[in-house]
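Participant: model the structure of this input:
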Amino acid sequence: MGRPDDSRAVLVRTMARLLRDQGYTATGLAQVLAESGVSNGSLYYHFPGGKEDLAEAALEASGQTVADALTEALDGAPNVGVGVARFLDMVGQLLSEDPCAGCPIAPTALEAPIIGPRLQAAAARCFQQWEALLAGRLRNDNWPEDAVLGAASVALTLIEGALLLARVTGEVSHLDHAKSVALTVLASPPRRPAHTKRLGSP
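Facilitator: Now for the predicted structure:
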């Protein structure tokens, strides 16, 4: 059991792992308490709203962990395509050690129709944070502003889609395919077509 002053952090870590592994509906507070070693009274002291309060905090913590890893991958890369590939390499290493080590937000987010607007919004904020990081790096790579949001969406879709397929099928080759596309499509800003001269113009 964690010390009294870190029981909140232990609860959040435990809930974050369970949400990643099995989603919101399948996770009960009894399991959280059993695996964290934290008392029921301590849980409600830190999270008066119970399971939903704790789940929101866990999603926010997981979202920040991913954001930190994505920032690290992007900051050390020559372009956003390499950054995405490096991030997928990082996750691929984790998946080789733990088959559930994919996106920690997706299992809960996919329950959106039944989990309620509060947790749906929390999951959406995580995705928006990651997309904003990708968009910021694209701007630093001198992508035209009218292409930034679309390219950031494509980059996040590559990441999330590859992680989902790798987890469901057990085939990490999906990560390699996503990396290949990222290195090709996101390596440099799109070329603008040269303007053609109008007939009779000098």
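
Participant: which of the residues in the helix or strand of the chain with the lowest mean pLDDT are buried?
Facilitator: Across the helices and strands of the chain, mean confidence by mean pLDDT, DSSP states H and E is lowest for helix 112-115: a mean of 85. Within helix 112-115, the residues that qualify as buried are I115, counting by 16 or more other CB atoms under 10 Å. For glycine as for every other residue, the C-beta is placed from the backbone atoms N, C-alpha and C.

Participant: next SSE after it?
Facilitator: Using DSSP states H and E, the helix or strand that follows helix 112-115 in sequence is helix 117-140.

Participant: export the least confident helix or strand of the chain as CSV, just CAs?
Facilitator: Below are the C-alpha coordinates for helix 112-115, written out as CSV (Å, rounded to 0.1, in the frame of the first residue of the first chain):
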residue,chain,number,x,y,z
ALA,A,112,-18.2,6.8,-25.7
PRO,A,113,-21.8,6.0,-26.4
ILE,A,114,-22.2,4.5,-22.9
ILE,A,115,-19.6,6.2,-20.7
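
Participant: ok now it, how far from the chain's centre?
Facilitator: Going by CA atoms, centre = their mean, to the nearest Å, the spacing between the C-alpha centre of helix 112-115 and its chain's C-alpha centre is 19 Å.

Participant: what packs against the helix or strand containing V84?
Facilitator: In this assignment (DSSP H and E), V84 forms part of helix 80-97. The criterion is 3 or more CB pairs under 8 Å, 6 or more residues apart in numbering; DSSP states H and E, and the helices and strands that helix 80-97 contacts are helix 51-75, helix 117-140, helix 145-169, helix 173-185.

Participant: pull the last one out as PDB, backbone CA atoms only.
Facilitator: If I follow you right, that is helix 173-185. Taking only C-alpha atoms (Å, rounded to 0.1, in the frame of the first residue of the first chain), the coordinates of helix 173-185 have been written out as PDB:
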ATOM      1  CA  SER A 173       3.900  -5.100 -38.400                       C
ATOM      2  CA  HIS A 174       1.000  -2.600 -38.500                       C
ATOM      3  CA  LEU A 175       3.400  -0.200 -36.700                       C
ATOM      4  CA  ASP A 176       6.000  -0.700 -39.400                       C
ATOM      5  CA  HIS A 177       3.500   0.100 -42.100                       C
ATOM      6  CA  ALA A 178       2.400   3.300 -40.400                       C
ATOM      7  CA  LYS A 179       6.000   4.300 -39.900                       C
ATOM      8  CA  SER A 180       6.700   3.800 -43.700                       C
ATOM      9  CA  VAL A 181       3.700   6.000 -44.600                       C
ATOM     10  CA  ALA A 182       4.700   8.700 -42.000                       C
ATOM     11  CA  LEU A 183       8.300   8.800 -43.300                       C
ATOM     12  CA  THR A 184       6.900   9.300 -46.900                       C
ATOM     13  CA  VAL A 185       3.900  11.500 -46.400                       C
END
